[in-house]
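Asker: Below are the sequence and a predicted model; questions follow.
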4 protein chains.
Amino acid sequence: MPSKELRIGLVGYGFMGRTHSNGYKRACDFFDLEYRPVLKAVCGRTEKRVKEFAEHWQYESWETDWKKMIARDDIDAIDICTANDTHAEIAIAAAEAGKMVLCEKPLARTTAEAEPMVAAVEKAGVKNTVWYNYRRLPAVTLAKQLIDSGKLGRIFHYRANFLQDWTISEDLPQGGEGLWRLDVAAAGSGVTGDLLAHCIDTAMWLNGGINRVTARTETFIKERKHNLTGKVEKVGIDDACLFMCDFDNGSLGLFESTRYARGHKALYTFEINGEHASIKWDLHDLNRLEYFDHRDESIVRGWRSIHVSDGDQPYMGNWWVPGLCIGYEHSFVHQVADFLKDLETGATTQPDFRNALETAKVCDAVLSSGKDGAWHDTGVKI
Amino acid sequence: MPSKELRIGLVGYGFMGRTHSNGYKRACDFFDLEYRPVLKAVCGRTEKRVKEFAEHWQYESWETDWKKMIARDDIDAIDICTANDTHAEIAIAAAEAGKMVLCEKPLARTTAEAEPMVAAVEKAGVKNTVWYNYRRLPAVTLAKQLIDSGKLGRIFHYRANFLQDWTISEDLPQGGEGLWRLDVAAAGSGVTGDLLAHCIDTAMWLNGGINRVTARTETFIKERKHNLTGKVEKVGIDDACLFMCDFDNGSLGLFESTRYARGHKALYTFEINGEHASIKWDLHDLNRLEYFDHRDESIVRGWRSIHVSDGDQPYMGNWWVPGLCIGYEHSFVHQVADFLKDLETGATTQPDFRNALETAKVCDAVLSSGKDGAWHDTGVKI
Amino acid sequence: MPSKELRIGLVGYGFMGRTHSNGYKRACDFFDLEYRPVLKAVCGRTEKRVKEFAEHWQYESWETDWKKMIARDDIDAIDICTANDTHAEIAIAAAEAGKMVLCEKPLARTTAEAEPMVAAVEKAGVKNTVWYNYRRLPAVTLAKQLIDSGKLGRIFHYRANFLQDWTISEDLPQGGEGLWRLDVAAAGSGVTGDLLAHCIDTAMWLNGGINRVTARTETFIKERKHNLTGKVEKVGIDDACLFMCDFDNGSLGLFESTRYARGHKALYTFEINGEHASIKWDLHDLNRLEYFDHRDESIVRGWRSIHVSDGDQPYMGNWWVPGLCIGYEHSFVHQVADFLKDLETGATTQPDFRNALETAKVCDAVLSSGKDGAWHDTGVKI
Amino acid sequence: MPSKELRIGLVGYGFMGRTHSNGYKRACDFFDLEYRPVLKAVCGRTEKRVKEFAEHWQYESWETDWKKMIARDDIDAIDICTANDTHAEIAIAAAEAGKMVLCEKPLARTTAEAEPMVAAVEKAGVKNTVWYNYRRLPAVTLAKQLIDSGKLGRIFHYRANFLQDWTISEDLPQGGEGLWRLDVAAAGSGVTGDLLAHCIDTAMWLNGGINRVTARTETFIKERKHNLTGKVEKVGIDDACLFMCDFDNGSLGLFESTRYARGHKALYTFEINGEHASIKWDLHDLNRLEYFDHRDESIVRGWRSIHVSDGDQPYMGNWWVPGLCIGYEHSFVHQVADFLKDLETGATTQPDFRNALETAKVCDAVLSSGKDGAWHDTGVKI
């Protein structure tokens, strides 16, 4: 039974505000933990709406100024769910105030913006993590276990896609609430920071550091009405980004993300090919892991479709019974549960800011290569 | 914002106790409702364990005698999650005490046992429902909408399976906690009441009444150690049950359930073939509905794999964004949300006891036919 | 290099005339055989058309009277591809004339009609076979090998479907060329003899004898114009047939066939569940065999999708390279190759007439049960 | 009925010699054509083996010197199935002798080697074609029809893979019969010419010219024993090749090929994303085309799995009935049938040498970029 409290102050109440809140409310129902999250306060600029969110999700209070929330004594951890351009300032202030920091991904718009964040949390010695939640879907965690166990042997190839189709219409505006991801000032980049950052985080977790990249970025729709100015403005984000890369272990990587792949809503897929075995996964069918093992008897060798829902598979012993699916939101519940468990034991919760900085480096190199077409070293050290 | 309370008293705290509790705790986070469920009390025979469950799930109190819980004034609704042989007594007492009743499926072990339950809730005029939760998975609800819209035309065939493999070992005992489903005294039947009851409920909801059946039941492992007596005893349940049937609309039905289908954990599938279109669904990939429409242009005609995760598809506007999966447990959240909404409007929440009685009639006819091999009329009136 | 000839006389030149002719022409290109088939003559009632067929497929000659063809000295084997009602007379005459007989399935319309055929070939001592070609698709043959090797252990369940949708329209007439399958006089039955006979043949080959059945047959469209009489006449065939059965090994069988399953063109599927392993197959994706083995390590256990195209898998060493598909027609090439190889060695080519008679018995029992709804013993001895 | 002959002289009798021979022997059985191919002669260096091949496949004669075969008067067309390094010399000599030329892909090892071949056939005015056979699988041809009909609208993305796993072992030697594809002198390149050439041919056929590329090539196993020298030698081919490209129509391309993707035998896949619709295809399941159309009603929108086996789909009216699969080899039968039909009408059979030269240009640019990491213009004009 949880006997201690972790008092949360949430900044931002959009889509990610909901996924995190749900994570906090559910973790202790399914995991045995010493700490129980307490929804102390939520912060947003529009009082009417932040109040509504607070009441709906049963936060004890609300604030309209995040600085005030950080200053409160009754809050242990600041969770940042705002647009990318605000992460750094809030995170640094929170760390300086001695709060733990949980920051939505990407850590920041650029490496340059992210580095002082890392420095701040490390100087303050506060627990910190970034919500690269897909690591904690059971099938993805199982992939990590299989790779670490050596089942795949030497790795030759890694490929990942994150394909969507929601911005194809020219009539979609950019900027402002719900659409800040299309506004380069708020988002920093397009699919690179929004989608590829997930793919890169998973890839380096599973397959080690990416040391150089060459990329091709494209903006298919050059101008869109801007919601904040009311004018038609140049689109600064990348609608699509493809890149090739080298991993430290000698394997080749191929990544693609776009919001112009008709028919795909959120098709995050990865595949990794090793000497002995290969693995595939797909967010649209997130409970399944595809696994091929060349050491199987040859006449019955084939891709195994593993329904990752058994009690001996990652996280699943805490949920239902074999065959019963969990969903997207469970990745956040797992991240909360792991964060709370690490709080008990003193372990670091991965990815922390320092680890997420490596992903930012790859994103930077990708965007730079998208401009000049050359191979760029990433400077990643993992 | 919920301004009213629905105070819940839960009887039983096993697997279904968890799914229902989760449903109560989450419904108001995702649906706009007037009523908020309050976890008032949970009841179980073993004090230590019911207390633990209460604390874990944040029930306000616990009881060890369900009669005492029913007698409490601070409880509006009794939720029955105990073994099948206890449903009738508890439900009737609850109804007589003026409580709403939410009963886990199957309603009872037999039609004879279920009929007084229906009479009791109807006489008392209390709101009642049975947890045939699969109706409320979005893909299944979408199937219902497509059929009701006439897209399929005249129906020719309905087929459903519910395949598992967890009881193949001869070493598995029967009876007692976690294994009462293998004990005919507690369960009433094997796969028929446990699994086929789900298939039958869905089938009659989608395709109308089943008027006659012929069945083949089998018990592959004839004797198992009984946990309650410690002795090896005859197994009284059906390990497998196959049946053919006629629907009122002239279509033919084919159903199969077993716990001896190696490789299937909880493979509930159905398919319905109409004059113009067909539909398929599978619990292992519950976010997908397969749909074939013969009216599509011939050269591009094919089964459509619909990822039921868009905002205009049933229930999904309340969750995340397109492409992001939900899971098994959401069916219970939806049933709670619908029950609360119906409480606002005064509507009946389907399936109610009367409707679930029709499923019991089919189960009875199936089990009778399993004994004599003849076709049996079901007496279903829908 | 083939040094001997097997001189073929083909009766009938419809769809099956083409599949068999193709088989004869290709077998020696891909298999090392002593005998080469020679397309000596084809026989049909309409001279213009049989001549065209002969020229197109490079038969050396044609006949319009099958009795004359049987009487020819330069023909070794009679291949029967005509409508079901003519099989018996032709086969018996051919056997009496000392010719080998290759008969398209089903052997005859009924057991009663088939028995003298068996007697005739056995009395004459002529080599004989029935074209239940699906046994010889590599994935199906592999299933047989896996079962025979004991990989599945005790069998609990067998289920098979053969689903089509081509007769849903009421405007489709019955009878005459191309449509004799809808005319009960010519076909003997509907889906039972046409489609389920395939399923039954495979099932008894893989899983042993079927000893009793109970069936439900239906004719959805009661009257159709008859092409031979020009009148609207009662439809005598079964449009759909479902049956349950017991196998000699104690497993339960479930079979369904229909021509009213919208969306399925020729969906012949089977699945077999054993104690240790299970197998699934589907004609629409005929190069794949799905295999689940419970003895796999638990965290990576899943259905394996085996692409049956490697050289160590049945027949595939004779074709291309791994990953390259073969098609439907190859089953006939394989049957020809096996027939020719058996001719070298003196082995029986299965299924022979006697074996196919057992399938006829099951069909008869199914059709009888379709009339009275009772369980019927089949009398099968395998 | 074919009344004219096309007399074939085949050079080379390896894997491709078999696929082409099969194509010649079968085309007239399934297509109505004026010309019938006659297998006049096959040529190879080893008399014993070429004789065996000739007898097996029923060639009328054999030669051990291709120059002699080209000089024969009784041959109309030379078909080149030898290693890549011999294509140019044979093709040019054949053209100069006035023979039609059918050349296995790739046209040659490099553009420089291919250009004189194009000049030779054009100067001689002889009919010519290159066996990029995958264009003629029905699902691929259907994709072409759908794109040309405008169903996809503006194209944003094209991605293709060709993944194999047959050279992972370090023990595999290079060079000589069956393994010349691993010897850079004979093959010119590794996966680029062998596999990506197919992907590029299909891509430019479906989506127009590729105007620039950037590539990453890798040789995972640096040295292998050479069969011709008996020594361990440096491996000169690319084991893997990834490239990004721009199409003339503004869409982005992503291509990958490797022989180190464990679990994939011959996984040639492509996907094309348009404004309105998308298409996917996969050689392992070659009868299926996946199609998504955004204009479908939103609640039933999904990827359609089209089983391309109906009579109104490309080539399929010449084969069996709906639902019945064809295989890999049929692509060659179709190419023969189209070549013969074009001979009747005087049409060019695509891809001809000039068209295949454009694919060679892309391969060259890819290999150059693999060396320097820069973007390279291809010079393609389509």
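Answerer: Good, I have the coordinates.

Asker: hey, let's count contacts and neighbours off CA atoms from now on
Answerer: OK.

Asker: Distance check, the residue nearest the centre of chain A against D:Gly23.
Answerer: Centroid-nearest residue in chain A: A:Tyr132, 2.6 Å away (criterion: CA atoms, centre = their mean). According to CA to CA, to the nearest Å, A:Tyr132 and D:Gly23 sit 53 Å apart.

Asker: How about A:Asn287?
Answerer: Noted for A:Asn287: a distance of 44 Å to D:Gly23, by CA to CA.

Asker: which one of those two has more residues nearby?
Answerer: A count of neighbours by other CA atoms under 10 Å in any protein chain shown puts A:Asn287 above the other of A:Asn287 and D:Gly23, at 27 against 21.

Asker: I'd assumed A:Leu324 was in contact with the more buried one.
Answerer: No - at 9.1 Å, A:Asn287 does not count as touching A:Leu324 under the criterion of CA atoms under 8 Å.

Asker: Common neighbours of these two, please.
Answerer: Any residue near both A:Asn287 and A:Leu324 by CA atoms under 8 Å, 6 or more residues apart in numbering or on different chains counts here, and that gives A:Ser309.

Asker: how about the nearest residue to the residue lying farthest from the centre of chain A, chain neighbours excluded?
Answerer: Distance from the C-alpha centroid of chain A peaks at A:Ile299, with 40.1 Å (CA atoms, centre = their mean). In this structure, A:Ile299 finds its nearest non-sequential neighbour in C:Gln313, 6.0 Å apart by CA to CA, 6 or more residues apart in numbering or on different chains.

Asker: Going by secondary structure, the one you found is in what exactly?
Answerer: Per DSSP states H and E, C:Gln313 falls between elements, in no helix or strand.

Asker: neighbours of it, just the number please.
Answerer: As a burial measure, C:Gln313 scores 19 neighbours (other CA under 10 Å).

Asker: got it, and A:Asp171?
Answerer: 9.

Asker: how about it, phi and psi?
Answerer: Main-chain torsions, A:Asp171, degrees, to the nearest 10: phi -80, psi -10.

Asker: Does it touch A:His226 like I think?
Answerer: No - using CA under 8 Å, A:Asp171 is not in contact with A:His226, being 10.9 Å away.

Asker: Report the contact partners of A:Phe53.
Answerer: For A:Phe53, the contact set (CA under 8 Å, 6+ apart) comprises A:Tyr13.

Asker: Counting neighbours, what do you get for A:Lys371?
Answerer: Neighbour tally, A:Lys371, other CA under 10 Å: 13.

Asker: Next one: it relative to A:Phe162, how far apart?
Answerer: 21 Å.

Asker: same thing with A:Val191?
Answerer: Separation of A:Val191 from A:Phe162 (CA to CA): 9 Å.

Asker: Which residues are in contact with each of the two?
Answerer: By CA under 8 Å, 6+ apart, the residues touching both A:Val191 and A:Phe162 are A:Ser257, A:Thr258.

Asker: With neighbour numbers in mind, choose between the two.
Answerer: Using other CA under 10 Å as the criterion, A:Val191 and A:Phe162 rank with A:Phe162 on top: 29 against 26.

Asker: if I read this right, the more buried one contacts A:Leu267, doesn't it?
Answerer: Yes - here A:Phe162 lies in contact with A:Leu267, judged by CA under 8 Å, at a distance of 5.3 Å.

Asker: before we move on, which element is A:Thr214 in?
Answerer: Remark: A:Thr214 resides in strand A:210-218, with elements defined by DSSP H and E.

Asker: what do you get for A:Val121?
Answerer: For A:Val121, the host element (DSSP H and E) is helix A:111-124.

Asker: Which of the residues in that helix are classified as buried?
Answerer: A:Thr111, A:Glu113, A:Ala114, A:Glu115, A:Met117, A:Val118, A:Ala120, A:Val121, A:Ala124 (16 or more other CA atoms under 10 Å in any protein chain shown).

Asker: Can you name every helix or strand that it contacts?
Answerer: helix A:87-96, helix A:353-372 (3 or more CA pairs under 8 Å, 6 or more residues apart in numbering or on different chains; DSSP states H and E).
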